[in-house]
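Peer 1: here is a sequence with its predicted model. Questions after.
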Amino acid sequence: MVPYPDVRSPLRSLRRLRVLIAAAVAAAMLALLSIAGQSHASAAAAPSAAAADAGSGYWHTSGRQILDSNNQAVRIAGINWFGFETSNEVVHGLWSRDYKSMIDQMKQLGYNTIRLPYSDDIFKAGAAANSITFYNMNTDLQGLSPLQIMDKIVNYAGSVGLRVILDRHRPDSSGQSALWYTSAVPESTWITNLKALATRYQNNTAVVGIDLHNEPHDPACWGCGDTTIDWRLAAQRAGNAILGVNPNLLIFVEGIQTFNGVSGWWGGNLMGAGQYPVQLSVANRVVYSAHDYATSVAQQTWFTDPTFPANMPAVWSKYWGYLFEQNIAPVWVGEFGTTLQSTVDQQWLKALVSYMKPTSGNGGDSFSWTFWSWNPDSGDTGGILKDDWQTVDTVKDGYLTSIKAPTFGGSTGSTNGGTSSGTTTGTSTGTSTGTSTGTSTGTSTGTSTGTSTGTSTGTSTGTSTGTSTGTSSGTTGGSTNKGCTATLHVDNQWDTGFTATVTVTNSGSAATSGWTVGWTWAGNQQATSGWSATITQSGAAVTAKSLSYNGTIAPAASTSFGLQGTSSGSVGSPALSCTAS
């Protein structure tokens, strides 16, 4: 994402600065964790849900709908998780959490697709991810190259019913480009790398398509015929190259900035697509993509229109919505986001969500979308997560409730990525990069996002220690004691809800193979979602059971899971029981 008009180049520079700061903060966070010796438990995946009604196999289009292999309409309702396009060359936040834990949380919150931005830097020889914590988390990523880490994320997301869209965000990590090529990264490299990804995921239905290039803008044109700047023609060349090696993928084509003298958001102007459609060698593969933002990114004339926000549906229809409304092609709003700090932004988001149509009553016959962003370190929007990379901005997430859609069931296939060991991930590189500047600036920016929502952050109620229950495990020559304790910490609490983290510690003398935590609320609390555990509630009684990936805990070691719930009063300090197996 970047602001639209070229007169706003200072804002674009600020956006780039914030990306650099995010990378520096990544390194700083990793350094702090290493110095402090902070322990993080390995998080684990939620079990795969039963196959949903729609979403199986490879997808295609028909009119304005995206259809699965059974010709059922599907709705992409997802989230952007950025980082592969930065100098970290991997999704952000892995300095704080296990990647599976975050994907589990995305699913629990109702997101069914991940858009993964990347730059062509990840294809270079010797490319190495940095700012990843491997102590008690992300252990299966150690020693892998950026592309091999992408494989892990894609495969795990697919296994729990999520789908992935790969987004060629920029030619290199230094910044966004107006065109799909630069002097350092020619069109031939762009297409070669797109084909490499298409081949890599040729047999993996978790990857539904590729977003060809992020936010083309002036001097990019649409339908002008100049092959050096005509984005439509470039999209056709790249799309056909991809379909030549993997004809099952969807091709996501973003708009430009200016068409016939009318400017909009970078990547958000699809006014020319009706007259000059993208035509590919394989039919029914084009999905048009628009980006739309609020005033926390940049001002636009429509925000000061006296009829705002009633004027917005007509604005959206003019730039990109007409393609859907006239049954020309599906439209995916690939990026939209805001800090929600201003009333205008709040009105904008409410109006946009309404325009994209609620899933109830419309299902897949609606606009698809991926919100920007999952990450809290997006300086001009903030994220669904807050600065701790755990706590959900429930107000922001709540705006999206009506347009969320079911997950799709486990994907099939494998990655054609080979078995090479790859380049060792550069923990030390991340540690040594820009600690002081990145920490102070990035923290200030991140803290300012998400706090205006009215959510009271940092609320802590007393933790309560659970009961250790010893069990015997029959082994030749004697028995082994297994036990565990659990504590609950309320991370955030507001008028109608809360989030909390439960830490499970092995109190026995042998490793556990599983655990169950239970407690009873004293009031009217209701657990509504959770991650890294299977959580059920009957009346006031709550039961949380380990998953296949985090049931094993070494003696004296810990793991944790999280939950979100509703409450009209203080959550209090329930007494927890813990049973190990």
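Peer 2: Everything's here; your move.

Peer 1: every contact and neighbour count from this point should use C-alpha atoms.
Peer 2: Fine.

Peer 1: give me the pLDDT for residue 563.
Peer 2: pLDDT for residue 563: 84.

Peer 1: the one 5 residues further on too?
Peer 2: Per-residue pLDDT puts residue 568 at 86.

Peer 1: hey, where'd the strands end up in the stretch 301-450 of the chain?
Peer 2: For the stretch 301-450 of the chain, the strands defined by DSSP state E, counting those that start in this stretch occupy 331-337, 368-371, 413-414.

Peer 1: possible to save those as JSON lines with mean neighbour count?
Peer 2: What follows is the strands of the stretch 301-450 of the chain, written out as JSON lines (neighbours: other CA atoms under 10 Å):
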{"stretch": "strand 331-337", "mean neighbour count": "26"}
{"stretch": "strand 368-371", "mean neighbour count": "25"}
{"stretch": "strand 413-414", "mean neighbour count": "15"}
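
Peer 1: closest one to residue 243 among those strands?
Peer 2: Minimum separation from residue 243 across the strands of the stretch 301-450 of the chain (CA to CA) falls at strand 413-414, 17.9 Å.

Peer 1: least trustworthy helix or strand in the protein by mean pLDDT?
Peer 2: helix 435-448 (a mean of 27; mean pLDDT, DSSP states H and E).

Peer 1: circling back to that earlier point, reformat the strands of the stretch 301-450 of the chain as a markdown table; add distance to residue 232.
Peer 2: Listed next are the strands of the stretch 301-450 of the chain as a markdown table, based on distance: least, CA to CA, whole Å:
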| stretch | distance to residue 232 |
| --- | --- |
| strand 331-337 | 16 |
| strand 368-371 | 21 |
| strand 413-414 | 32 |
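
Peer 1: out of those strands, nearest to residue 247?
Peer 2: Smallest distance to residue 247 across those (CA to CA): 15.3 Å, for strand 413-414.

Peer 1: list the beta-bridge partners for residue 209.
Peer 2: Residues in a beta bridge with residue 209, per DSSP bridges, are residue 165, residue 250.

Peer 1: if I look at it, how far off is residue 117?
Peer 2: To residue 117, residue 209 is 13 Å away according to CA to CA, to the nearest Å.

Peer 1: can you check residue 404 too?
Peer 2: 21 Å.

Peer 1: again with residue 316
Peer 2: 24 Å.

Peer 1: ok, now residue 546?
Peer 2: Distance, residue 546 to residue 117, by CA to CA: 32 Å.

Peer 1: likewise for residue 409?
Peer 2: In this view, residue 409 and residue 117 are 23 Å apart by CA to CA.

Peer 1: likewise for residue 481?
Peer 2: Residue 481 sits at a distance of 47 Å from residue 117 (criterion: CA to CA).

Peer 1: which of those two has more residues huddled nearby?
Peer 2: Using other CA atoms under 10 Å as the criterion, residue 481 and residue 117 rank with residue 117 on top: 23 against 18.

Peer 1: in space, what's closest to that one - neighbours in sequence excluded?
Peer 2: Take residue 117 and drop its neighbours on the chain: the residue closest to it by CA to CA, 6 or more residues apart in numbering is residue 167, 4.4 Å away.

Peer 1: tell me the SS of the one you found?
Peer 2: strand (DSSP: H, G, I helix; E, B strand; the rest coil).

Peer 1: got it, and residue 252?
Peer 2: strand.

Peer 1: that one contacts residue 210, correct?
Peer 2: Yes. Under the contact definition of CA atoms under 8 Å, residue 252 touches residue 210, with a separation of 5.9 Å.

Peer 1: so for stretch 301-309, what gets flagged as buried?
Peer 2: For stretch 301-309, the buried set under the neighbour-count rule, 16 or more other CA atoms under 10 Å, comprises 303, 309.

Peer 1: that one: how far from the chain's middle?
Peer 2: With CA atoms, centre = their mean, to the nearest Å as the basis, stretch 301-309 stands 31 Å off its chain's centre.

Peer 1: can I get that stretch in CSV, CA atoms only?
Peer 2: The C-alpha coordinates for stretch 301-309 follow below in CSV (Å, rounded to 0.1, in the frame of the first residue of the first chain):
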residue,chain,number,x,y,z
THR,A,301,-11.6,14.9,-2.6
TRP,A,302,-14.4,12.5,-1.8
PHE,A,303,-13.7,12.6,1.9
THR,A,304,-14.5,16.3,2.0
ASP,A,305,-17.6,16.1,-0.1
PRO,A,306,-20.6,17.5,1.8
THR,A,307,-22.6,14.3,1.1
PHE,A,308,-19.9,12.0,2.6
PRO,A,309,-20.2,9.1,3.3
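
Peer 1: who's in contact with it?
Peer 2: 295, 311-312, 315, 344, 347-348, 351 (CA atoms under 8 Å, 6 or more residues apart in numbering).

Peer 1: highest neighbour count among those residues?
Peer 2: Using other CA under 10 Å as the neighbour test, those are led by residue 348, with 23 neighbours.

Peer 1: mind checking how far that one is from residue 269?
Peer 2: For residue 348, the distance to residue 269 - CA to CA - is 18 Å.

Peer 1: quick check, central residue of this protein?
Peer 2: With distances taken as CA atoms, centre = their mean, residue 81 lies nearest the centre of the chain, 3.3 Å away.

Peer 1: ok, and the closest non-adjacent residue to that one?
Peer 2: Of all residues not flanking residue 81 in the chain, residue 374 sits nearest, at 5.3 Å (CA to CA, 6+ apart).

Peer 1: count of residues packed around that neighbour?
Peer 2: Neighbour count for residue 374, taken as other CA under 10 Å: 26.

Peer 1: ok, it - contacts?
Peer 2: Counted by CA under 8 Å, 6+ apart, residue 374 has contacts 79-82, 383-385.

Peer 1: ditto for residue 206
Peer 2: Neighbouring residues of residue 206 by CA under 8 Å, 6+ apart: 154-155, 157-158, 162-164, 411-412.

Peer 1: before I go, just wanted to say thanks for your time.
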